[in-house]
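J.: here is my input; please provide its structure:
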Amino acid sequence: MFDNIGWPELLVLALVGLFVLGPERLPAAASWVANTVRTIRDYATGARDQLRQELGPEFDELRKPLEDLRSVRDLDPRRAVRQNLFSEPPADGTWSGSATPGTAAAATPAPPSNGTSPAPAAPRTPSRPLDPGEIAPVDPDAT
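T.: Residues are numbered from 1 along each chain as shown. Below you'll find the model as predicted:
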């Protein structure tokens, strides 16, 4: 619930509460806040459990779009770059090694509209992993 509040923010809130409420009323206020948050959590848990009982298996189908939205909400540029740069390629061999998906299909020229046959394309060599110590090929147009 309070995922965005860290220890520095809690310390600032405690200091502000100490100055606003004073040392004699601060423990009672903290206790009241803790009880209120606990009560709200209990209500939310009870409502979720009641919905789960009433909807049955449809409850999971209802939560699926919400989980998808949560994954989009948690996406930020730093996490996206870290995930794409440092994640391992799929083990099933579907990763082609190209910078963007579908570049090989997009690079094939369309047949000309005047009815002539297109020029034969150069044969494409299958990509293979680099050997240890082998230097990766450089594409000067891409860099």
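J.: compute the number of surrounding residues for Ala29.
T.: The number of residues packed near Ala29 is 13, by other Cβ atoms under 10 Å. To be clear about C-beta, it is placed using only N, CA and C from the backbone, and glycine gets the same treatment.
J.: now it: closest residue in space that isn't a chain neighbour?
T.: Excluding the flanking residues, the one nearest Ala29 by Cβ to Cβ, 6 or more residues apart in numbering is Leu21, at 5.3 Å.
J.: now Ala30
T.: Gly17 (7.4 Å).
J.: dump the residue contacts of that neighbour.
T.: Leu26, Ala29, Ala30 (Cβ atoms under 8 Å, 6 or more residues apart in numbering).
J.: format the residues you listed as JSON lines; extra columns: pLDDT.
T.: What follows is the contacts of Gly17, written out as JSON lines (pLDDT from 0 to 100):
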{"residue": "Leu26", "pLDDT": "84"}
{"residue": "Ala29", "pLDDT": "88"}
{"residue": "Ala30", "pLDDT": "86"}
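J.: alright, calling it a day.
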